[in-house]
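>>> Build me a structure from this.
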Amino acid sequence: MLASVALSALSMALQPTPKAAGLRTETTLRGGTTPEVFLLGRSATGGTMVCPPMSHGKAGKTPNAYLTYVIELAGIPGHQLDGLSLNGEAVEILADDPHPDYGQRIGGEYEDRAWIRYYDGTQTEADPMLVATYPAPYVRPWSADMVGAGICYAVLTFRYDRKVWSGWPQCRFVLSSVPVYDPRLDSSVGGDGPQRWGDTSTYAPSNNAAVLAYNVKRGIVLPGGEVWGGNIPEADLPLVAWMAEMDLADQLVDDGDDGTEPQYRAGVEVRADDEPFSVIEEVLKGCNGQVSETGGVWTLRLGAPRLPVLFFEDHHIIADEAEEFRPFPPIDQIFNAISATYPDPEQNWESTESELITNADWEAEDGDRRLTASLSLPVVPYPMQVVRVTNALITDHRR
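Reported below is the predicted structural model:
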């Protein structure tokens, strides 16, 4: 307990982590050994090629003028396609007048040069264009049983034009969260709504950090029936406590642009081989949160510490081993300025450095030196939330 008391929230957030800020799948991967992925909260991914690029057709005198990508984006159904980038720039997917074979048109300079079809994992038939265009005796024929059931994937078609394409098109996709369970929307447990635990057809996407952490604790069912997550029973996650934090995360705050936004949101690409608690730690890092376990019961706190609910004194503690406690940390653990890297949707979800938060009084207290903490918030693609979180962390650290 003393160790946890000695470490500030900032110190814990600065602990080494294997995740980098920004996208995890920055470019479209190839090969059949990459683990399945899904998204908790809204985020972006490059996806994984289902097969090598294929070509067909003729445009004028150009043979094989049409290039086809088939890219898997998530291994759990229900994600919705929210956006697309080509060659590092966000593009508009046009809803009207789709191509009869290639799907929705992509606007701007890619008009009549790029199209997309998206499947959310609920499909029951193979893509008709792939079946019709790439039958046997193609080297890799596309057959009617290649449905991709339960898989979210996109089929992109590109028409050759040397003025538009200088190489292989680079793709990046923005997806909504996998549908998750929100007990506040379940009238059978004291909420208000149609959601029911275990019936995934009633779930809905969410960016709420507390809702996402709750679902990881309860467990997320992967295709085939395996459970990724804690698989913790409902009784060990008291809904009164968790629902209060979910409401806190949804509380509207200033968005820095004369509007409001939910206080604590998150978005992360999860791989099936990730350790679930490490994902929770990243989510909580982005909302000044802590999860604790007492007697097998898990509770959550987001934001600043609340008023105390319990007081204890030295004689209440049984100590049968020697303990050491240093109330003043060494200089390399003292900070008076802070910045963070985060994935910025306005910069094509690339890792971006936040504004440096400084304080002249703190620097004077530390001998007129600037001691900067550099934090990574890979699951917070919301600039103003990054400012709120880093400001709260450095203020708590100085306190």
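>>> For the spatially closest residue to R159 that is not a sequence neighbour, grab the count of nearby residues.
With C-beta to C-beta, 6 or more residues apart in numbering as the measure, R113 is the residue that lies nearest to R159, at 4.9 Å, once sequence neighbours are left out. Placement of C-beta: from N, CA and C, glycine included. Here the number of neighbours of R113 (other C-beta atoms under 10 Å) works out to 19.
>>> now D127
The number of residues packed around D127, counting by other C-beta under 10 Å, is 21.
>>> Repeat that for the one 4 residues further on.
Residues lying near V131 (other C-beta under 10 Å) number 16.
>>> Sticking with it, tell me its helix or strand.
helix 128-133 (DSSP states H and E).
>>> neighbouring contacts of that helix?
When contacts are defined by C-beta atoms under 8 Å, 6 or more residues apart in numbering, helix 128-133 is touched by residues 56-57, 68, 70, 101-103, 117, 142-144, 146, 155, 157.
>>> if you set the cut-off to 10 Å instead, what comes out?
Contacts with helix 128-133, where a contact means C-beta atoms under 10 Å, 6 or more residues apart in numbering, come from 50-51, 54, 56-57, 66, 68, 70, 99-103, 115, 117, 125, 127, 141-146, 155, 157.
>>> Next: stretch 220-231.
Taking C-beta under 10 Å, 6+ apart as the rule, stretch 220-231 contacts 36, 38, 40, 75-77, 121, 149-151, 178-181, 198, 200, 212, 214-219, 236-237, 270-274, 276-277, 279-280, 298.
>>> does Y181 really touch N208, like I thought?
No. In terms of C-beta atoms under 10 Å, Y181 does not count as a neighbour of N208; the distance is 11.4 Å.
>>> quick one: low-confidence parts of this protein?
1-8, 12, 15-27, 29-33 (pLDDT under 70).
>>> Can you name the next helix or strand after the helix holding V131?
In the C-terminal direction from helix 128-133 (assignment by DSSP H and E), the next one is strand 152-159.
>>> Show me what that next one is packed against.
Using 3 or more C-beta pairs under 10 Å, 6 or more residues apart in numbering; DSSP states H and E as the contact criterion, the elements in contact with strand 152-159 are strand 37-40, strand 54-59, strand 62-74, strand 81-86, strand 103-106, strand 114-120, helix 128-133, strand 171-175.
>>> If we use 7 Å, what do you get?
Using 3 or more C-beta pairs under 7 Å, 6 or more residues apart in numbering; DSSP states H and E as the contact criterion, the neighbours of strand 152-159 among helices and strands are strand 62-74, strand 114-120.
>>> Just name the most buried of these.
The densest packing among these, expressed as mean neighbour count by mean count of other C-beta atoms under 10 Å, is seen in strand 114-120 with a mean of 22.
>>> mind listing the helices for this structure?
Read by DSSP state H, the chain holds these helices, from start to end of the chain: 2-6, 9-13, 128-133, 209-218, 239-250, 276-285, 360-365, 383-398.
>>> center of this structure - which residue?
Nearest residue to the geometric centre of the chain (C-alpha atoms, centre = their mean): V268, 1.6 Å.
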